[in-house]
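1. build me a structure from this.
(4 chains, ligands or ions: 6)
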Amino acid sequence: MMKREKMRIVSTRVIAKETIEMVLENKWISTHASPGQFLHIQIGSHTLRRPISIADCNHVTNEITILFKITGDGTRHLGEYQVGNYLDVLGPIGNGFPTNITAQSTVLLVGGGIGVPPLYFLGKFLKENGINIKAVLGFQGEDHVFYEPNFRELGETIIVTNDGSYGEKGYVTDVLENNLAFDYYYSCGPTPMLRSLISVLKGKKGYISLEERMGCGVGACLACILPAKNERGYKKICSDGPVFNVEEVTI
Amino acid sequence: MMKREKMRIVSTRVIAKETIEMVLENKWISTHASPGQFLHIQIGSHTLRRPISIADCNHVTNEITILFKITGDGTRHLGEYQVGNYLDVLGPIGNGFPTNITAQSTVLLVGGGIGVPPLYFLGKFLKENGINIKAVLGFQGEDHVFYEPNFRELGETIIVTNDGSYGEKGYVTDVLENNLAFDYYYSCGPTPMLRSLISVLKGKKGYISLEERMGCGVGACLACILPAKNERGYKKICSDGPVFNVEEVTI
Amino acid sequence: MTNLAIELPGLSLKNPVMPASGCFGFGREYATFYNLNKLGAVIMKAATMQERLGNPTPRVAETASGMLNAIGLQNPGVTKIIETEVPFLSQFNTNIIANIAGSSLEEYVEVARAFNETDQVHALELNISCPNVKEGGLQFGTDPLMAARVTEAVKKSTNLPVYVKLSPNVSDIVQIAKAVEAAGADGLSMINTLTGMQIHLPSRRPLIANKTGGLSGPAIKPIAIRMIYEVSSQVNIPIIGMGGIQRAEDVLEFLLAGASAVAIGTANFQNPFICADIIDDLPRVLKQYGFNSVREAIGKGIVA
Amino acid sequence: MTNLAIELPGLSLKNPVMPASGCFGFGREYATFYNLNKLGAVIMKAATMQERLGNPTPRVAETASGMLNAIGLQNPGVTKIIETEVPFLSQFNTNIIANIAGSSLEEYVEVARAFNETDQVHALELNISCPNVKEGGLQFGTDPLMAARVTEAVKKSTNLPVYVKLSPNVSDIVQIAKAVEAAGADGLSMINTLTGMQIHLPSRRPLIANKTGGLSGPAIKPIAIRMIYEVSSQVNIPIIGMGGIQRAEDVLEFLLAGASAVAIGTANFQNPFICADIIDDLPRVLKQYGFNSVREAIGKGIVA
Ligand SMILES: Cc1cc2nc3c(=O)[nH]c(=O)nc-3n(C[C@H](O)[C@H](O)[C@H](O)COP(=O)(O)OP(=O)(O)OC[C@H]3O[C@@H](n4cnc5c(N)ncnc54)[C@H](O)[C@@H]3O)c2cc1C
Ligand SMILES: Cc1cc2nc3c(=O)[nH]c(=O)nc-3n(C[C@H](O)[C@H](O)[C@H](O)COP(=O)(O)OP(=O)(O)OC[C@H]3O[C@@H](n4cnc5c(N)ncnc54)[C@H](O)[C@@H]3O)c2cc1C
Ligand SMILES: Cc1cc2nc3c(=O)[nH]c(=O)nc-3n(C[C@H](O)[C@H](O)[C@H](O)COP(=O)(O)O)c2cc1C
Ligand SMILES: Cc1cc2nc3c(=O)[nH]c(=O)nc-3n(C[C@H](O)[C@H](O)[C@H](O)COP(=O)(O)O)c2cc1C
Ligand code: FES
Ligand code: FES
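-> Residues are numbered from 1 along each chain as shown, chains lettered A, B, ... in the order given. Ligands and ions are numbered 1, 2, ... in the order given. Okay, the predicted model is just below:
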């Protein structure tokens, strides 16, 4: 169930190159958010809202954390908002990561760049529910790395950078070949990364979070379609996803 | 000579119904401004700048005062700017009121509504140069009246309101029939007011400031044309005006 | 009290506001935000004979004060729409308008006929203007003869009033409007989107996978107003106006230009409550500008 | 170093940026802001045979991300322009393009001929698309036969290269483009404004005194890009692109769509330095997206 809500900006800070962490307060959203869901944020008078994942959620303070990368006019403008400003948000939206898994299982989180944020909320939630967490996080380079300490608190965490300026050099899939043991994997990141991940981890149970340019964000406009093996022949990323079982979709 | 300048907002306050007084700081503009000139102000990402008259100018503090009425999206948005924000301004623009008149002359200022502001800068300037000032200011009603004390400091001031809720009831032209003595009149206000003023004061030497929807504000686009009895057959309000001798134009 | 009601062929509207085709699905999603009883009518997403899966993604892009879309008429096919979507919408106390599309004259006729089998649809909107189907959709909308032919054929095969939705991508909109009026159209719906494109600099390719898309939103409002103004004084059938409506003031502008009702598309994406909000605000705006009813305002902006 | 230069028929441009006709007068006003030597070229305000006083005011209105104008080709007449304006502009080290307009084929020819008498003008821009002249301007631009006829007639009467400025208010822009190419056009200039209207609610009348006006600014950029993209692969003459350019990124988008140079109109009103600023910023943007020269980028956004 989503609503249109005003969220107050509690804090905003640059945490990596062109990457901003913003904490927003709203009781309804923080009460209803689950890992993998996103917010559809109105920025100024932009025609389209911008989808941004929920990166953390605090039920006590009613705070939601989002992390976003400045990649265009909308995110640049969002980065200029000040503490105390309000955001007009639709949320929480979508079907997130399945979290009803057997205690003591081990879950591998694989994040790439600005795909990392939803995995943090997920990892925290799973860990609180007795799941073991391992994480492999890929970034372009040292300047782009964020939330490493946060993930280390959840479990074993490997950082990979494309240019080798920090952690391991290469792609997230390079470290996976070392045969990390896990029961399920959960991933979010650029499509090429997800594609090679799925092929490297063939046979493993996995869930991926996908992105597509969105119109309505609520399932009405059919902008965010993904071909799928269901009766309709497609899924909507905004309302059927953004998280999908790797078995059910073709990317 | 005009320039494109950034002006810092020093103060902003509501001084009458839907009427805002804003003080802006910029040395270049305050040094070069003369009465009757205007600023062409960029507001947010509006396609067109908004022309607003200079209502006061302080050469010591480098401050310019503008007064504007909220009449649409642009002025509403301008009213939301905060102290410390900067405005992108072209100015000072245009040919203002002629001020090289014989000392001891008497000048009548006739302002209507949001046409009052440029007359204040003019009156102050003339008074400093030894001219006697009389003013007749018309407003819709009591809520709309502003700058009465400021004008009283310059000279005899009559306030007229359309609904009689403050001062005299009626139109500015009603009080003029009482035969106020003066050598020149200077006026700014709605076109119907200017028209009846010109007919009531027929034969008197007068200057009026005109408004028209503007594009460039610098004389290039020919949006702000006024038919005139000159060789070209027209005048541009932005660069030939906005102040005209009542003899040279037909409104 | 300000009277918002308006009577159009086949439609007794409690107010002149309806969501535009393609921007509101079949109402299910927006029904979670507010009660659709509120609406004058709902215009459904386009129906074709067979199911369509539409264009590849990306299907939308943002532009200055507007957006491009190339959904490509994705829909489950008219049979499924009648079976599952129309019954959902007919729970609400509002009018249902079916937007029909096709790749051939025959398909238009078949889809129109299919809607004869339900008595829950109140009017057809004949979409001869969708720029996102290659097979002929656009030609129907830009050629007055083709537009008249499809209008005539659909009129013959339906018992419902037909509103023909015009394309703005034409040299002479009045000519097309007159042609479809002469062919029997009960009303017009205008405007559909303008064909546009955006090039994505990093990939050096059109951003929309279909290359071109339809431009909608406030950017196109002046074109919509101009076309409605030009057409409304040249035809005797009512116009449902649309293109960039964002607030009640815009609705009044469309009424003054000659529209009898309005549809709201893109603005639903910014504010899911937009239709309801505008309906609530419309009496204030009509009153502010001196009107006691919607009817009074229609065409009042047209000067001789 | 990034190479901004580009060679077009009659024009050796040091960079591809020029102010658009009607938005820069004859350069006098903007010359007080910066040195016009900076510009690739200047396109002058439209010239007609006789002096024209244009339309009544208001002549401009703001729209969402755009504006409407109906100046009505006000200009002092071609003789005066040649006597007083061309000499002013020719002080600068830049190219001068004369925009010519008329109410009849004969007037176009006369105006074109008049410019043969100066050797300071480098090219003609044939404005067959101004929506603000009633007598025929628009017809020339929306009918391929008329467009070809006027192009041919003007080509015969001038020794200058002719860039035909196309109207976007047409069903089939490619058809018009091909017609004027076949008639001898040396280049195209596109797009002119789209016809639009705004109704002023308090007065219940069109805000622009002329009722309709031409829509320009970022709102129309997707339409300009689409039309240039469609036309550039169908003709063999270069295109000067325009419509909503506000920054160097937009210039690259036009180049990718197939334009060889660009003109900037409405944006001058927001920022009088816009042409100069964009010229300064263009090398950075070209480089960021992997280009070493303007020439390299032309048409690179066109996919098969
Ligand atoms: C479900 C979901 C969750 C996301 N979570 C995050 C997150 O947590 N942090 C983060 O930084 N980014 C996230 N993104 C990507 C984010 O939405 C885009 O980076 C953002 O919309 C870009 O907007 P812009 O105005 O800066 O870019 P522009 O390119 O100027 O945007 C133009 C248009 O394209 C759309 N767009 C551009 N890039 C993307 C993209 N990658 N995905 C979808 N739409 C796009 C914009 O929404 C807008 O409509 C998410 C996307 C989706 C679909
Ligand atoms: C030389 C000059 C000096 C002015 N001085 C003042 C002043 O000191 N204080 C003040 O409150 N107003 C002044 N005005 C009027 C002021 O420019 C308009 O009220 C303002 O532009 C309205 O903008 P908006 O966005 O609120 O209204 P909107 O109606 O939303 O504006 C839409 C467009 O119309 C134009 N416009 C609307 N009304 C006018 C108008 N009356 N004159 C010119 N353009 C208009 C706007 O500039 C804009 O381009 C002056 C106008 C001129 C020409
Ligand atoms: C995402 C999207 C999908 C659309 N789908 C359809 C459609 O299926 N049939 C149709 O006739 N019009 C369709 N349209 C056009 C709208 O109904 C409307 O005519 C147009 O968007 C202008 O209105 P607006 O500016 O309020 O959006 C669609 C528009 C959008 C933005
Ligand atoms: C105020 C104004 C006046 C114009 N006058 C002319 C003109 O005289 N001749 C012409 O060919 N185009 C004229 N145009 C059209 C522009 O040259 C240009 O084609 C159009 O505005 C699109 O570019 P833009 O969005 O950058 O403004 C005019 C445009 C504006 C805004
Ligand atoms: S964004 Fe509209 S259906 Fe997903
Ligand atoms: S506003 Fe452009 S000439 Fe006056």
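2. what secondary structure does residue 220 sit in?
-> No chain in the question, so chain A it is. Following DSSP: H, G, I helix; E, B strand; the rest coil, residue A:220 is assigned to coil.
3. try chain C instead
-> helix.
4. what about residue 165, how many neighbours?
-> The chain I'm using is chain A. 14 (other C-beta atoms under 10 Å in any protein chain shown). In short, each C-beta sits where N, CA and C put it, glycine included.
5. um, chain C though
-> 29.
6. what bridges to it?
-> residue C:127, residue C:189 (DSSP bridges).
7. only C-alpha atoms, please: export the longest helix belonging to chain A in PDB.
-> What stands out as the longest helix in chain A, according to DSSP state H, is helix A:116-128. What follows is helix A:116-128, C-alpha atoms only, in PDB (Å, rounded to 0.1, in the frame of the first residue of the first chain):
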ATOM      1  CA  VAL A 116      24.100  -0.700  -3.300                       C
ATOM      2  CA  PRO A 117      21.600   1.300  -1.200                       C
ATOM      3  CA  PRO A 118      18.500  -1.000  -1.100                       C
ATOM      4  CA  LEU A 119      20.800  -3.900  -0.100                       C
ATOM      5  CA  TYR A 120      21.800  -2.100   3.100                       C
ATOM      6  CA  PHE A 121      18.200  -1.900   4.300                       C
ATOM      7  CA  LEU A 122      17.700  -5.500   3.300                       C
ATOM      8  CA  GLY A 123      20.900  -6.700   5.000                       C
ATOM      9  CA  LYS A 124      20.100  -5.000   8.200                       C
ATOM     10  CA  PHE A 125      16.600  -6.400   8.200                       C
ATOM     11  CA  LEU A 126      17.800  -9.900   7.500                       C
ATOM     12  CA  LYS A 127      20.500  -9.800  10.100                       C
ATOM     13  CA  GLU A 128      18.000  -8.700  12.700                       C
END
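8. quick one: list the elements packing against that helix.
-> strand A:50-53, strand A:56-58, strand A:63-69, strand A:106-112, strand A:132-139, helix A:148-154, strand A:184-188 (3 or more C-beta pairs under 8 Å, 6 or more residues apart in numbering or on different chains; DSSP states H and E).
9. swap in 7 Å and give it another go.
-> Packing partners of helix A:116-128 (3 or more C-beta pairs under 7 Å, 6 or more residues apart in numbering or on different chains; DSSP states H and E): strand A:56-58, strand A:106-112, strand A:132-139, helix A:148-154, strand A:184-188.
10. let me have those in TSV, adding distance to chain C and mean neighbour count as columns.
-> Shown next, in TSV, are those (distance: least, C-beta to the nearest C-beta, whole Å; neighbours: other C-beta atoms under 10 Å in any protein chain shown):
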stretch	distance to chain C	mean neighbour count
strand A:56-58	22	19
strand A:106-112	17	25
strand A:132-139	19	24
helix A:148-154	28	16
strand A:184-188	18	25
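11. for chain D, find the nearest of those.
-> Closest to chain D of the helices and strands packed on helix A:116-128, according to C-beta to the nearest C-beta: strand A:132-139, at 21.1 Å.
12. what's in contact with that closest one?
-> A:106-113, A:116, A:123, A:126-127, A:145, A:151, A:154-161, A:171-172, A:175-176, A:180, A:182, A:189, A:193 (C-beta atoms under 7 Å, 6 or more residues apart in numbering or on different chains).
13. any weak-confidence spans in the chain?
-> Assuming you mean chain A. A:177-179 (pLDDT under 70).
14. wait, I meant chain C there
-> For chain C, the ranges with pLDDT under 70 are C:130-138.
15. show me which residues of it are close to chain A?
-> C:23-25, C:29-30, C:53-54, C:57-62, C:65-67, C:69, C:71, C:74, C:217, C:266, C:268-270, C:272-273 (C-beta under 7 Å from any C-beta of the partner chain).
16. in strands only, show me those residues.
-> C:60-62, C:66-67, C:69 (DSSP state E).
17. so which of these comes closest to ligand 5?
-> Relative to ligand 5, the closest of those is residue C:60; by C-beta to the nearest ligand atom it sits at 7.7 Å.
18. hang on, the earlier thing: how much does the longest helix of chain A deviate in direction from strand A:184-188?
-> Helix A:116-128 runs at 150 degrees relative to strand A:184-188, counting by axes from the mean of the first three to the mean of the last three C-alpha atoms, to 10 degrees.
19. mind checking if helix A:116-128 is in reach of ligand 1?
-> Yes. Against ligand 1, helix A:116-128 shows contacts by C-beta under 6 Å from any ligand atom at residue A:117.
20. just checking, residue A:35 touches residue A:124?
-> No. Residue A:35 is beyond contact range of residue A:124, at 8.1 Å (criterion: C-beta atoms under 7 Å).
21. those two: who's more crowded?
-> Taking neighbours as other C-beta under 10 Å, residue A:35 and residue A:124 compare with residue A:35 leading, 25 against 19.
22. spatially nearest residue to the more buried one, not counting backbone neighbours?
-> residue A:122 (3.7 Å; C-beta to C-beta, 6 or more residues apart in numbering or on different chains).
23. helix or strand right after the helix or strand containing residue A:197?
-> For residue A:197, the host element (DSSP states H and E) is helix A:191-200. Once the chain leaves helix A:191-200, the next helix or strand it forms, by DSSP H and E, is strand A:205-209.
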